[in-house]
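# Here is a sequence with its predicted model. Questions after.
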Amino acid sequence: MTNFKGYMGKVLFVDLTKQTFSDFPWTDEDRQRTLGGKIMAADILLHHITPEMKAFDEDNWLVVTTGPLTGTGCPNTSRFNISTISPLTNIITSSNCGGDFGLSLKRAGYDAVIFSGKSENPITVHIEEDEVTFESADELWGLTTGEAQEKLLDYPGRLVIGPAGENKVLYACVFSNERTAGRGGVGAVFGDKKLKAVTARGTKLPELQNEEKLRDLNIKWTKVLQTHPLTGRQLPKLGTAGLIAPMQAHSILATKNFSAGRYDGFEKVSGEELAENHLVSNGACTTCVIRCARRVNVDGKVVKGPELETLGLLGPNILNDDMEKILKWNYELDELGMDAISCAGSVAFAMELAEKGVHDFGIHFGETDNISKMFEDIAYRRGEGAELADGSKRMSEKFGGKEYAIHAKGMELAAYEPRHAVGQGLGYATSNRGGCHLNAGYMVVVEGLGLDVDSLTPHGKAALAIMFQNLMESVSAAGSCLFTSYAVLPGFLIGKPNMLLTKIILAAFPYVGPVVNLLSHFTKVPQINIPLLPHAIAVKHATGMKSNMASFLTWGAYGWNAERIGNVILGQKAGADKLPKRLTEELQDPNNPKTKVPLETMKKVFYRARGWKDGIPTWHRLKTLGIKIDKAVYDAAVTAAKMID
């Protein structure tokens with residue numbers, strides 16, 4: 001139980017091998033240390049993993065966590081997180097989702113659930129108040145994500161996998177309603193455990209520390225989100241797809257397997273095209289006040305439309321300008337249960353291998369008639385599809401082309417081409433889970449997609465990346481959608497780019513590194529808060545826990561370092577923070593020597609500011625943050641990390 005409000009006070013532990021369940025010990029000290037969500041999951045995994053553990057081991061845990069704001073009525077807080085060892089990267093992955101499962105899990109009385117072991121046969125786990133039941137999933141096995149959920153409509157909270165998860169495609173997803181826990185192959189771990197579905201339902205609600213103050217805050221917070229240039233105008237009007245045009249303008253639109261940053265046919269796959277000619281209505285996660293989701297028509301059925309990543313990576317990045325096909329492919333990938341980013345990245349890499357005469361997988365740039373068949377072949381591991389099912393890193397190790405296999409730590413990059421947004425490149429490389437734009441700190445939002453800070457200078461980028469990584473870590477752990485963090489940026493910086501004050505602030509951005517490092521590095525900074533970060537105030541009103549700007553920076557640093565040292569224990573090498581040579585050595589613009597990612601220059605500053613050596617947290621840094629780990633385990637992991645293979 002817990003003395004804090006906002007939490008349900010219980011964590012469920014489910015043993016799939018024995019088909020038993022019990023309470024997992026989690027104290028108020030643990031809550032104060034980790035907040036919730038992915039930071040909580042990182043801490044749980046850190047104290048469980050061993051150097052020999054792999055994604056498909058029976059002892060690998062699936063940790064599903066909520067945040068203290070989940071279920072409290074705060075805007076955009078229906079999020080939950082799934083963390084585990086990734087089969088794609090062999091390190092810890094975390095995947096966030098906006099479906100209803102997190103809300104339903106808390107209503108069943110739990111803040112989190114941990115799945116251990118493996119079922120011998122396909123299984124569904126039903127979680128209700130004080131009761132967990134195990135049911136054969138033989139009738140669900142083989143169904144798509146949509147078909148499986150149709151069979152489970154009695155349960156408001158649902159997690160399911162599709163054929164890709166059942167066949168252990170290394171980037172298979174888990175679905176809740178139409179929302180996706182998409183990255184790192186969490187669906188493959190579900191499939192390996194024969195866990196086809198999990199449901200949750202109940203009637204419990206979290207108590208609140210100060211309901212009146214939280215309600216007043218929510219009214220103001222909602223107004224900010226609905227009037228901000230990004231969350232109040234661009235996202236509702238165009239969704240994330242609205243970024244295609246500015247990405248083109250700033251030369252950061254991944255094109256032809258990241259060989260370029262601009263695409264002549266971008267308008268045909270833009271947010272404007274989607275809104276004007278294909279949008280049926282806006283959609284939203286439960287509790288969302290932004291409503292950025294797209295609803296489109298595919299074969300006479302209204303379904304979820306594509307996000308920016310799908311449009312970019314299955315559009316310009318494979319030289320396709322057919323919007324209708326992308327709408328169809330997006331739906332097919334969802335039904336099969338595959339991460340669109342990693343799947344599309346693997347497809348683009350296969351196309352370049354074919355173009356260079358290395359190996360012909362039967363798919364080629366600009367030719368799209370057989371893409372749907374390839375998706376099915378990947379999901380069912382048939383023919384050449386079985387090769388793509390393992391991702392671009394493993395394909396490059398087998399066939400060659402490592403210099404243009406576009407991934408970081410084995411995870412394919414999102415659609416932002418970083419040679420014209422070098423801070424984003426640093427984020428990709430240092431991201432704990434691999435080539436993720438969000439875990440990277442989403443630096444591209446200040447390098448052209450929100451603010452217009454010099455995108456080619458390395459100055460200040462390490463400090464800003466650390467601050468954004470830490471804050472976004474805590475925002476996510478609290479249970480909030482990361483899009484709410486857009487509104488932390490003052491609206492005038494975006495809506496009034498020609499104003500003198502805006503120009504002065506943007507010009508100064510690259511030179512505020514020392515101040516930002518002071519805030520990000522030390523755990524005992526002045527106990528300040530800023531009105532633009534309502535998440536911290538909401539946590540205080542919901543839980544009664546001490547929460548402010550300093551707390552959020554500290555929680556974020558804790559999560560980042562816990563996950564990083566966990567990755568080192570799992571075998572991540574000291575030199576793992578890197579990008580393919582295409583992005584660090586080849587100029588995007590042959591006439592501009594700055595158009596490549598100066599990664600090594602930025603990494604030195606990043607490591608020093610993080611308190612890391614060679615990409616590994618020092619023992620002193622872990623102690624300062626309160627991360628508890630056996631010294632002998634730490635020393636052995638660091639020694640192994642520095643050994644040359």
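That came in fine, so what should we check first?

# and Pro122, how many neighbours does it have?
Pro122: 20 surrounding residues under other CB atoms under 10 Å. From N, CA and C alone the C-beta is placed, and that goes for glycine too.

# Check which residues of the host helix or strand of Thr601 are buried.
In this assignment (DSSP states H and E), Thr601 forms part of helix 599-610. Neighbour-count burial for helix 599-610, counted by 16 or more other CB atoms under 10 Å, picks out Leu599, Met602, Lys603, Val605, Phe606, Tyr607, Ala609, Arg610.

# Quick one, grab the pLDDT at Met643.
Looking at Met643, its pLDDT reads 82.

# and Ala293, how many residues sit next to it?
21.

# next one: Lys223
Using other CB under 10 Å as the criterion, Lys223 is surrounded by 13 other residues.

# hang on, the earlier thing: could you point out the helix or strand that follows the helix holding Thr601?
The first helix or strand that comes after helix 599-610 along the chain, using DSSP H and E, is strand 612-613.

# what is the rounded mean pLDDT of that next one?
Averaged across strand 612-613, pLDDT comes to 96.

# again with stretch 114-126
Confidence over stretch 114-126, taken as the mean pLDDT, stands at 98.

# what do you get for stretch 64-81?
On average, the pLDDT along stretch 64-81 is 95.

# ditto for stretch 597-605
For stretch 597-605, the mean pLDDT works out to 97.

# for the helix holding Thr601, packing partners?
helix 422-430, helix 461-478, helix 513-521 (3 or more CB pairs under 8 Å, 6 or more residues apart in numbering; DSSP states H and E).

# what's the closest of these to Asp100?
Among those, helix 461-478 comes nearest to Asp100, with 17.6 Å by CB to CB.

# need the buried residues of helix 599-610 in CSV with distance to Glu332, can you?
Rendered in CSV, the data for the buried residues of helix 599-610 read as follows (distance: CB to CB, whole Å):
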residue, distance to Glu332
Leu599, 35
Met602, 38
Lys603, 39
Val605, 43
Phe606, 39
Tyr607, 42
Ala609, 43
Arg610, 40
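
# Return the most buried member of the helices and strands packed on helix 599-610.
Stretch with highest mean neighbour count among the helices and strands packed on helix 599-610: helix 422-430 (a mean of 30; mean count of other CB atoms under 10 Å).

# contact partners of it?
Helix 422-430 is touched from outside by 252, 408, 413, 416, 418-419, 435-437, 439-444, 446-447, 455-458, 461-462, 464-465, 468-469, 577-579, 583-584, 597-599, 602-603, 606, 615, with contacts defined as CB atoms under 8 Å, 6 or more residues apart in numbering.

# go again using 7 Å as the cut-off
Residues lying outside helix 422-430 but in contact with it, judged by CB atoms under 7 Å, 6 or more residues apart in numbering, are 408, 413, 416, 418, 435, 440-441, 443-444, 447, 455-456, 458, 461-462, 464-465, 577-579, 583, 597-599, 602, 606.

# what does stretch 635-645 give?
The contact list for stretch 635-645, computed with CB under 7 Å, 6+ apart, reads Pro51, Val568, Ile569, Gly571, Gln572, Lys573, Ala574, Asp614, Ile616.

# Tell me the buried residues in it?
Ala637, Val638, Ala641.

# In three-state terms, label the residue positioned nearest the centre of the chain for me.
With distances taken as CA atoms, centre = their mean, the residue of the chain nearest its centroid is Ser95 (5.1 Å). Following DSSP: H, G, I helix; E, B strand; the rest coil, Ser95 is assigned to strand.

# And for Leu230?
Following three-state DSSP, we place Leu230 in the helix state.

# Count the residues that sit near the residue nearest to it when sequence neighbours are not counted.
With sequence-adjacent residues excluded and distances taken as CB to CB, 6 or more residues apart in numbering, Leu230 is closest to Tyr486, at 4.3 Å. A count of nearby residues for Tyr486, using other CB under 10 Å, gives 22.

# wait, Tyr486 sits on Pro229?
No: at 9.0 Å, Tyr486 and Pro229 do not qualify as touching, with contact defined as CB atoms under 7 Å.

# Who are the packing partners of the lengthiest helix in the chain?
Among the elements of the chain assigned as helix by DSSP state H, the one spanning the most residues is helix 549-569. For helix 549-569, the helices and strands in contact under the criterion 3 or more CB pairs under 7 Å, 6 or more residues apart in numbering; DSSP states H and E are helix 37-46, strand 92-97, helix 461-478, helix 513-521, helix 534-543, strand 616-617, helix 619-625, helix 631-641.

# now the helix holding Thr601, how far from the centre of its chain.
Distance of helix 599-610 from its chain centroid, counting by CA atoms, centre = their mean, to the nearest Å, is 23 Å.

# Quick one: residues in contact with that helix.
Contacts with helix 599-610, where a contact means CB under 7 Å, 6+ apart, come from 425-426, 429-430, 458, 461-463, 465-466, 517, 520-521, 577-579, 584, 613, 615.

# about what we covered before: the residue nearest to Leu230 and Gly185, how far apart?
Counting by CB to CB, to the nearest Å, the gap from Tyr486 to Gly185 is 28 Å.

# Over to Tyr416?
As defined by CB to CB, Tyr416 lies at a distance of 21 Å from Gly185.

# ok, now Gly491?
Counting by CB to CB, the gap between Gly491 and Gly185 amounts to 38 Å.

# So between the two, which is more surrounded?
Counted by other CB under 10 Å, Gly491 and Gly185 do not tie: Gly185 has more neighbours, with 34 against 17.

# picking that back up, quick one: buried ones out of the contacts of stretch 635-645?
In terms of neighbour count (16+ other CB under 10 Å), the buried residues within these are Val568, Ile569, Gly571, Gln572, Lys573, Ala574, Ile616.

# Which of the helices and strands packed on helix 599-610 has the lowest mean pLDDT?
helix 513-521 has the lowest average pLDDT among the helices and strands packed on helix 599-610, namely a mean of 61.

# hang on, isn't Cys288 packed against Thr77?
No: between Cys288 and Thr77 there is no contact, the gap being 9.0 Å when judged by CB under 7 Å.
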